[in-house]
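**Student:** Provide a 3D model corresponding to the input given below.
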Amino acid sequence: MSRKSRVGDSIANPQTGLHSGTSNTVLKIGGSTLFHGPVRTLRSSIHASVTERTYVVIGGGETVESMRLLHSVYPHLSEQDMHWRCVELLDATWQVACELMPECEPLESWDEIQASRSEPGGRTYLVRVRGFYDRGIEDDPSVESNWIPAVEWKTTTDALAWLLAKRIGASRLRIAKQCPCDTIRTIHDAASEGIVDVEISRLVAYDPEAASLCIELFRLEETPT
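**Tutor:** Numbering: from 1, shown residues only. Next comes the predicted model:
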């Protein structure tokens, strides 16, 4: 059995990109891969078709984990402030990924992300998280309130990649993991097993259009098909 597991409902009325015949896929890869895996491991996970735009979100890995450790030493620090500090640190892992994989096109701002949706398929982008998620997002009228993750430790780039998928009308969200995923059948199972964060499970549960986004998990060393 393939270790790739589709954990969302079947796609119903999938939302496509603005360019005729082109769909959007969001691919989330953990930042720990930057610390423990060769660049080819990252590249092997990115396979865009000629009819697909792939938006890659890189997690924070040990860079963000260091902030969790710091918060455990100083628990009186504001959890919300620590969350936004971690989001700011994601700029660093995004910059490193851009340098390691120059064949991917960097997208730094929401304007750039929006503009990319009118481009043809076959392109792969490295997306800066703060380009689509930053302080004040709750005041953005283009973002549904039920899309916005909780500002706390349980929110990771799993949930943020889901937010990007919703904002660009993606039809698929692929989440790369370093553990077997073949027994996982729902995103809620994945959260219960600690494979994805619990916040993405909550967001999916309260999303009335959850069926329009297919969520897939796959083991990092394997190539998704």
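**Student:** contacts, neighbours, all on C-alpha from now
**Tutor:** Fine.
**Student:** longest helix of this structure?
**Tutor:** helix 79-100 (DSSP state H).
**Student:** Give me the distance between that helix and the centre of its chain.
**Tutor:** 13 Å (Cα atoms, centre = their mean, to the nearest Å).
**Student:** helices or strands up against it?
**Tutor:** strand 52-58, helix 62-73, strand 123-127 (3 or more Cα pairs under 8 Å, 6 or more residues apart in numbering; DSSP states H and E).
**Student:** looking at the ones you listed, which is buried most?
**Tutor:** Ranked by mean neighbour count under mean count of other Cα atoms under 10 Å, these are led by strand 52-58, which reaches a mean of 27.
**Student:** Tell me the gap between it and the middle of its chain.
**Tutor:** On Cα atoms, centre = their mean, the centre of strand 52-58 falls 8 Å from the chain's centre.
**Student:** Identify the residues contacting that strand?
**Tutor:** 22-31, 46, 48, 90, 93-94, 97, 120-129, 157, 161 (Cα atoms under 8 Å, 6 or more residues apart in numbering).
**Student:** could you redo the last one with a cut-off of 6 Å?
**Tutor:** 22-31, 48, 121-127 (Cα atoms under 6 Å, 6 or more residues apart in numbering).
**Student:** Weed out the non-buried ones from those residues.
**Tutor:** 22-31, 48, 121, 123-127 (16 or more other Cα atoms under 10 Å).
**Student:** pLDDT at the residue located most distally from the centre of the chain, what is it?
**Tutor:** The C-alpha centroid of the chain is most remote from His76, which lies 29.4 Å away (Cα atoms, centre = their mean). His76 is assigned 96 on the pLDDT scale.
**Student:** is it fair to say it lies in a helix?
**Tutor:** No: according to DSSP: H, G, I helix; E, B strand; the rest coil, His76 belongs to no helix; its state is coil.
**Student:** and the gap between it and Thr63?
**Tutor:** According to Cα to Cα, to the nearest Å, His76 stands 21 Å off from Thr63.
**Student:** Centre-most residue in this protein?
**Tutor:** Most central in the chain (Cα atoms, centre = their mean) works out to Ala161, at 2.3 Å.
**Student:** residue ranges for the helices of this structure, please.
**Tutor:** 32-36, 39-44, 62-73, 79-100, 110-116, 157-167, 187-192, 198-205.
**Student:** As TSV, those helices with distance to Glu144 and mean pLDDT would be great.
**Tutor:** Output for the helices of the chain, formatted as TSV (distance: least, Cα to Cα, whole Å; pLDDT from 0 to 100):
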stretch	distance to Glu144	mean pLDDT
helix 32-36	30	77
helix 39-44	31	68
helix 62-73	27	91
helix 79-100	20	94
helix 110-116	16	97
helix 157-167	9	97
helix 187-192	21	92
helix 198-205	11	95
